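Engineer: the sequence and its predicted three-dimensional model are supplied below.
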Amino acid sequence: MSFQMWYFRSPEIVFGEDSLSFLSSLRMKRAAIITDRNLLKTAIPDQVRRALGTNVQSIVIGDISEEPPLSEMTKHSAQIMEFAPDWFIALGGGSAIDTTKILFLLYERPDLTAYDITPLVELGLRKKSRLIAIPTTSGTGSECTWAAVLSEEESEGRKRAKHELASREIMPDYAILDPSLVTSLPLEQTRNTATDAIAHSIEAYGSTWRNPFSDAMAEKALELIVENIENVINDMKNVELRNRVHIGASMAGLAFSNSQIGLVHALGHALGAKFKLPHGKTVGVFLPSVIDYNYDSCAERYDRLNQIIPSKYRASRLDHSVQNVLKAIGQATSVKETGICREDCLASLDELVRLASESTGLVTNPKNSSSADIRNLVLMAYEIKV
């Protein structure tokens with residue numbers, strides 16, 4: 001593969017135990033902390049406020065739901081404008097971090113909307129503030145990406161959908177990876193976010209926009225996550241194990257942010273938007289079947305990744321190895337296992353195909369896919385014979 005001029009983009013990353021203390025070293029006067037409603041019930045937001053130091057004024061916006069619609073993401077714009085922060089701190093999983101990216105844009109450029117986020121136009125951000133992301137899940141990678149995913153609400157003539165928006169200017173300035181913040185992550189979220197990170201690694205490695213830098217991140221990410229995630233699930237409070245998966249998840253974020261996602265995420269976003277399922281679960285059910293679908297287009301690369309999979313999970317093909325890993329951590333490996341009934345899946349088939357077909361993930365998937373191909377993949381992932 002030959003390369004034209006390319007870029008590798010990354011925030012400055014602070015990682016390891018006690019990395020939260022880095023906050024006190026920043027010149028900061030007013031911080032807007034954006035988090036989700038579940039995290040707000042914990043001690044973590046107050047822990048972050050204490051780490052800022054006594055001279056920093058702060059507000060906490062903590063009513064973000066899982067995979068919120070755009071109206072929910074933006075409803076505090078006026079409050080933030082009045083507070084006038086010089087730093088935004090995103091605290092939580094992908095929903096909180098993506099919400100903060102959009103609020104950061106709207107504060108910097110109140111003349112724009114979220115849909116003006118594009119890699120093609122200079123936005124001119126960072127005139128008033130900067131952006132920090134502190135993930136409390138190990139999987140979305142949003143703390144290291146220049147993308148934001150938002151949900152569009154159903155309205156007359158329009159169905160619920162997910163949109164992937166991207167601009168290098170919404171990438172956080174800093175990502176703080178403190179493993180102590182994920183030791184209390186519940187089992188289901190631990191499983192789902194790790195599955196998402198595994199999908200990020202594999203899709204980045206197969207992407208038509210891949211490059212040596214994204215390859216290196218994808219390989220190491222897969223190694224760190226797959227070697228440790230089952231042990232994490234068996235020992236949820238183990239900080240060292242959590243640290244390995246946490247770093248691996250951010251590496252996976254760096255990998256796909258610099259090479260892009262593929263058909264797995266196109267299908268996962270479609271299923272999640274239609275049935276309101278967690279993102280990590282939806283990409284997990286499509287990952288083995290999409291790897292199988294792509295295999296003849298990148299067999300050598302998939303075989304190379306397969307050698308990274310520990311021997312206790314490794315089969316002769318990457319799709320089978322990944323399925324073994326997902327089963328070992330108790331993850332659903334078919335749409336049927338998510339609880340969606342056969343009749344609902346078939347009734348939603350046309351809409352799922354349409355939503356997946358609109359995703360930018362199809363552009364960089366290693367194999368071209370038609371509507372018929374996508375339809376067959378949904379049926380296969382449900383375990384319906386095609």
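Structural biologist: Alright, I've got the coordinates. Quick caveat: nothing in here was measured; it's all calculated off a predicted structure.
Engineer: for the residue sitting nearest the centre point of the chain, which non-adjacent residue is closest in space?
Structural biologist: Nearest to the mean C-alpha position of the chain, by C-alpha atoms, centre = their mean, lies residue 140 at 2.6 Å. Ranked by C-beta to C-beta, 6 or more residues apart in numbering and with sequence neighbours excluded, the top spatial neighbour of residue 140 is residue 94, at 3.3 Å. For every residue, glycine as well, the C-beta is placed using N, CA and C.
Engineer: now find how far off-centre whichever strand or helix holds residue 322 is within its chain.
Structural biologist: Element membership of residue 322 [criterion: DSSP states H and E] is helix 318-328. Chain-centre distance of helix 318-328: 20 Å, with C-alpha atoms, centre = their mean, to the nearest Å.
Engineer: pretty sure residue 32 sits in a helix.
Structural biologist: No: according to DSSP: H, G, I helix; E, B strand; the rest coil, residue 32 belongs to no helix; its state is strand.
Engineer: who are the contact partners of the residue nearest to the centre of the chain?
Structural biologist: 93-94, 97, 193, 196-197, 249, 253, 279 (C-beta atoms under 8 Å, 6 or more residues apart in numbering).
Engineer: does it count as helix, strand or coil?
Structural biologist: Applying three-state DSSP: residue 140 is coil.
Engineer: quick revisit: out of the contacts of residue 140, grab the one that's most surrounded.
Structural biologist: Within these, most neighbours by other C-beta atoms under 10 Å means residue 197, with 33 neighbours.
Engineer: I figured that residue hits residue 224, correct?
Structural biologist: No: look at residue 197 against residue 224 with C-beta atoms under 8 Å: they stay out of range, at 9.2 Å.
Engineer: find the residues that touch each one of these two.
Structural biologist: Joint contacts of residue 197 and residue 224 (C-beta under 8 Å, 6+ apart) are 245, 248.
Engineer: from residue 221, how far off is residue 295?
Structural biologist: In this view, residue 295 and residue 221 are 21 Å apart by C-beta to C-beta, to the nearest Å.
Engineer: alpha carbons only: can I get the one helix or strand residue 289 maps to in PDB?
Structural biologist: According to DSSP H and E, residue 289 maps onto helix 279-294. What follows is helix 279-294 as a C-alpha-only set of coordinates in PDB (Å, rounded to 0.1, in the frame of the first residue of the first chain):
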ATOM      1  CA  HIS A 279     -23.800   0.000  21.400                       C
ATOM      2  CA  GLY A 280     -21.200  -2.600  22.500                       C
ATOM      3  CA  LYS A 281     -23.700  -5.300  22.400                       C
ATOM      4  CA  THR A 282     -24.900  -4.500  18.900                       C
ATOM      5  CA  VAL A 283     -21.500  -4.400  17.400                       C
ATOM      6  CA  GLY A 284     -20.700  -7.600  19.100                       C
ATOM      7  CA  VAL A 285     -23.500  -9.500  17.500                       C
ATOM      8  CA  PHE A 286     -22.300  -8.500  14.000                       C
ATOM      9  CA  LEU A 287     -18.600  -8.700  14.500                       C
ATOM     10  CA  PRO A 288     -18.000 -12.400  13.700                       C
ATOM     11  CA  SER A 289     -20.400 -12.400  10.600                       C
ATOM     12  CA  VAL A 290     -18.800  -9.300   9.200                       C
ATOM     13  CA  ILE A 291     -15.300 -10.600   9.600                       C
ATOM     14  CA  ASP A 292     -16.500 -13.800   7.700                       C
ATOM     15  CA  TYR A 293     -18.000 -11.600   5.000                       C
ATOM     16  CA  ASN A 294     -14.800  -9.500   4.700                       C
END
